[in-house]
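Enquirer: generate coordinates for the sequence data below:
(2 chains)
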Amino acid sequence: MDMSFTPEDEAFRADVRKFLHDRLPARLSEKVRLHEELTKAEIEEWHAILNERSWLAGNWPVQFGGAGWTAIQRHIFEEESALAHAPRVLPFGIAMLGPVLQKFGSKEQQDRFLPRILNGQDWWCQGYSEPGAGSDLASVKTTAVRDGDTYVVNGQKTWTTLGQHANWIFCLVRTDPAAKAQEGISFLLIDMNSPGITVRPIVLLEGTPEVNEVFFDDVRVPVENLVGEENKGWTYAKYLLTHERTNIAGVGFATAAMASLKRIARAQVANGRPLSENPLFAARMAAVEIDLMAMSTTNLRMLAQAAAGQAPGAESSMLKLKGTQIRQAINDLARRAVGPWALAFPSEAVEGANDDAAPGPAEAAGATRAYLNNRKLSIYGGSNEIQRGIIAKSLLGL
Amino acid sequence: MDFAFTEEQAMLGESLARTLDRGSDAAALFELGAGAALLPEDAGGFGGTGPDILMVFRTLGRAVAVTPLLDGVVLGAGILAAAGEGDLAEAASTGAARIAVALDEPGQRFDGTVRTTARDGLLTGEKTVVAGAEDATHLIVLATDGLYLVDVPADGLAMRGYPLMDGGRAAEVILAGTPARRIGDASLLDAPRAAAMLALCADALGVMERSVELTTEYLKTRKQFGRPIGSFQAIQHRMADLLTEVEQARSAVWNLAGNLDTPDRDRHVAATKSLVGRVALYVAEETIQLHGGIGMTEEYELAPMARRLIAADARFGDSDHHLERFIALTAA
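Expert: So this is what the prediction gives:
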C-alpha cells in the first residue's frame, strides 16, 4: 500500500499548476469563484487556451488530437483546474460525443466533427431528456422518420444545457415506434440551424437560463448524420453515459468549495468571534470535511482500479451519490454562513433587478447562487434515487 | 498509487481467516503470528505498519473474533516496545505475557484526566473499564507523572470485572499502594494509541462488511407480501445508502493506515475515528431495522456484530469527541 502519487504524476501536477497560473485569465477565474454566469465567448476563450496546449480533450487518444491522459492524469487536471477556479471544460463535445464518434462513428464523421470540437467551430449540446423521459430515458418519443436521404424529426428535448449557444445537438430519436423501449432508438447528429428547430430557454432557481427546451418541427436531417446503425442508439447512449460519469465524484469542485467555505466562515462574525470558531458551525464544517477526505480516497481507489484495467462499474454510482451529497452540504453551509445576506436575490429572473447590487461581499451572492444551482447535482446524470437503485441491483444483487 | 496489500500481508490475512473459520482460540492466533505481525522488527515482531494492522484487524472483525490482540499487543506491547521493554513486548506478542492498559478514570468520560499518583514506587488511584485486566500478567498504568508497570498479582491491587458489549471483559481497577515501576513518559502512549485506533476502526470495518453481507442475504430470502423484502425500493435505497457509507468508512480506514507514520497522523486518527464511529452506529442501527424482529434477538448472529459496532464508537472517544479533536487539530 502506497497512497502517494508517483513522481511522474507529481511532475504532471506541477505542470498543470504552472499552466493554470500562467494562462488562466483572472477575470475568468474570478467569475467562476463567485459562481457568476460565463458568457459564450468566455467559455470559448478558455477552450482555445487549453486547445493551444493540446489539453482540451484529456480523455481523447492522441490520434484524434487529444492529450491521451491516464485516468490519474485526468483526475489531477480536473482537481487542479477546480482548485484554480478554471472554467469547466464543456462535457458535451469532449467528454460525451467525442468518445462515441471515436468508437462508433464513421471515418467521415470522425474527420468532419472531431477537429471542429477541438478548434471551437462547433458547440455541441445534448438531446437526451424529454418532458416524458427523464430518469426513464428509454421512453424517448421524439421521432425520426426516413424519407429518402433524410430523416424527418419531430418532437421535443428538454434540460438542454447551454443549448442556446450550440450549433449542433446529438439526439436520441425513435426510429422504430413498434420496438420495445430500448430498441428502436437511434443516435442522430442535428444541425441546430436547420429549419424547424426552436430553442426556448428555461430559467433555473438561481435565475440563469442554463438549460433549454428544444423543439423539432419537421426538421430534415441527412442520413449521413446517423451514428452507427439505425435502432442501435441505446448502446451508444449507454456508452456515452459511462463517460458522463467520469469525474462524477467532483472531488476537485468539492475541495475548492470547502476552501471557499472556510474563507467565508473565517470572515463572518458570530457572537464577536469568527464563525469558523463557533462550535456548532465548526462541527458542521468538520463533519463534511472528514466525509470529503474519505470520498477523495474512494475516488482514488477507484481510479487505481481503472488504471489496473478494471472497468468502472456500479461503484461510480456510490461516488455520484456521496460526491453530490458532500457538494450540496458544502453549498448549504456557505449559504448559512453569510446569514441575512443569503436573503438577497438580485437575479435576472426578477424583472428589473439586473442592475441591483447585492449587499455584503461578492462571496455572499455567490454562495446563494451556488446553493440554488447545485440542487441540480442530485437530479442530473441519473438522479440519486436512480443511483441507489443501481447500487442495490448491481452491487448487492437485490 | 497503490491501495493493495503486499503478498505477505494477503497471505497472513488468508491463513488468519482460515484459522478463525475453524473457531480457533487466541493461542492458535498467536501461534500463527498474528501478534508478531502487529509489531515492527525492532520490537520483536515482523510487521507493525498501518497495512499490517489493517489486514489483521479487518480479518478479525469479519470473524467477529474476540481476542486480546488490540489491548494486549497493539496497545500494550506497543507501549512496552516504545519504553524499551523489549523482552516483555516480545512475550506479549507471542501470548506468553498478557498486558492490560489502564488509562481512563471514573467520571471523566473521554477527556483523559488522570489523578492516579505514584509515590515511592507505590500507585494510588482508580482506573475504569480496563479491558482484559482480569487475565493480565502485567498492568500498564497511566499516572500523573508517566507510565508505570505493575506485575500481577500485586499488593493493594483490587479488581471488579464485568463483560463488555464487544464480547470481551474489563474491570474497574483499584490501586491502593500498589508496587509499580516507572517505564516512561505519557507521551510514549501517542503512537501505540494511534495504532490501536486504527486496529479498532479496521475491526469495525470488518464487522460492517459482514453485517452488510448478512443483511443482504436476509433481504433476498425473507419473503413478505409474496416477494423477497429486498425487492422493495424502500429497502433497496436504505441498503444503497448503507453500502455507500461503508465505502466511506473503508476509505477512512485506508487513510489512517496510510498515514500512521506521517506528520498528519493525529488529524487522520481524529477524522477516521469520527467517521468510522458514526458509520458503525449507523450500520448497527440500520441492519437491526432492516432485519426486523429477528434483528432484535440474541440467538441470531447479527446481535454480537451490532453490539460490537456500537462499542467501537464508544471506545477511545466517540465520534463527537474525535470531531472536536479534528477541529482543534485543523485549526492548529
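
Enquirer: for stretch A:37-47, what is the distance to the chain centroid?
Expert: 15 Å (Cα atoms, centre = their mean, to the nearest Å).

Enquirer: hmm, who's touching that stretch?
Expert: Stretch A:37-47 has contacts (Cβ atoms under 8 Å, 6 or more residues apart in numbering or on different chains) with A:24-25, A:28, A:31-32, A:56, A:86-87, A:89-90, A:120, A:123, A:165, A:208, A:210. Backbone N, C-alpha and C define where each C-beta goes, glycine included.

Enquirer: now the buried members of the residues you listed.
Expert: Neighbour-count burial (16 or more other Cβ atoms under 10 Å in any protein chain shown) is assigned, among the contacts of stretch A:37-47, to A:24, A:28, A:31-32, A:56, A:86-87, A:89-90, A:123, A:165, A:208, A:210.

Enquirer: farthest pair in these?
Expert: A:56 and A:208 (24.3 Å; Cβ to Cβ).

Enquirer: who does the helix or strand bottoming out on mean pLDDT in chain A touch, helix- and strand-wise?
Expert: Lowest mean confidence among the helices and strands of chain A (mean pLDDT, DSSP states H and E): helix A:233-244, at a mean of 84. Packing contacts for helix A:233-244, counted by 3 or more Cβ pairs under 8 Å, 6 or more residues apart in numbering or on different chains; DSSP states H and E, involve helix A:98-104, strand A:168-174, strand A:185-191.

Enquirer: what about the helices in chain A?
Expert: A:7-23, A:26-33, A:40-52, A:71-83, A:91, A:98-104, A:107-118, A:233-244, A:251-267, A:279-307, A:315-337, A:362-373, A:384-390 (DSSP state H).

Enquirer: which strands and helices lie in contact with the shortest one?
Expert: Which is helix A:91. By 3+ Cβ pairs under 8 Å, 6+ apart, helix A:91 packs against no helix or strand.

Enquirer: so for that helix, what's the average pLDDT?
Expert: Helix A:91 shows a mean pLDDT of 93.

Enquirer: try the third one
Expert: Averaged across helix A:40-52, pLDDT comes to 98.

Enquirer: spell out the secondary structure type for the residue nearest to the spatial centre of chain B.
Expert: Centre of chain B computed as the mean C-alpha position; nearest residue by Cα atoms, centre = their mean is residue B:200, 2.8 Å away. Put simply, residue B:200 is helix when judged by DSSP: H, G, I helix; E, B strand; the rest coil.

Enquirer: pull the contacting residues for it.
Expert: Contacts for residue B:200 (Cβ under 8 Å, 6+ apart) come out as B:57, B:70, B:273, B:312, B:315, B:316.

Enquirer: now the buried members of the residues you listed.
Expert: Buried among the contacts of residue B:200 (16+ other Cβ under 10 Å): B:57, B:70, B:273, B:312, B:315, B:316.

Enquirer: tabulate these (JSON lines), appending pLDDT.
Expert: Below are the buried ones among the contacts of residue B:200 laid out as JSON lines (pLDDT from 0 to 100):
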{"residue": "B:57", "pLDDT": "98"}
{"residue": "B:70", "pLDDT": "98"}
{"residue": "B:273", "pLDDT": "98"}
{"residue": "B:312", "pLDDT": "98"}
{"residue": "B:315", "pLDDT": "96"}
{"residue": "B:316", "pLDDT": "96"}
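
Enquirer: could you pick out which of those residues are located in helices?
Expert: Those of the buried ones among the contacts of residue B:200 lying in helices (DSSP H): B:57, B:273, B:312.
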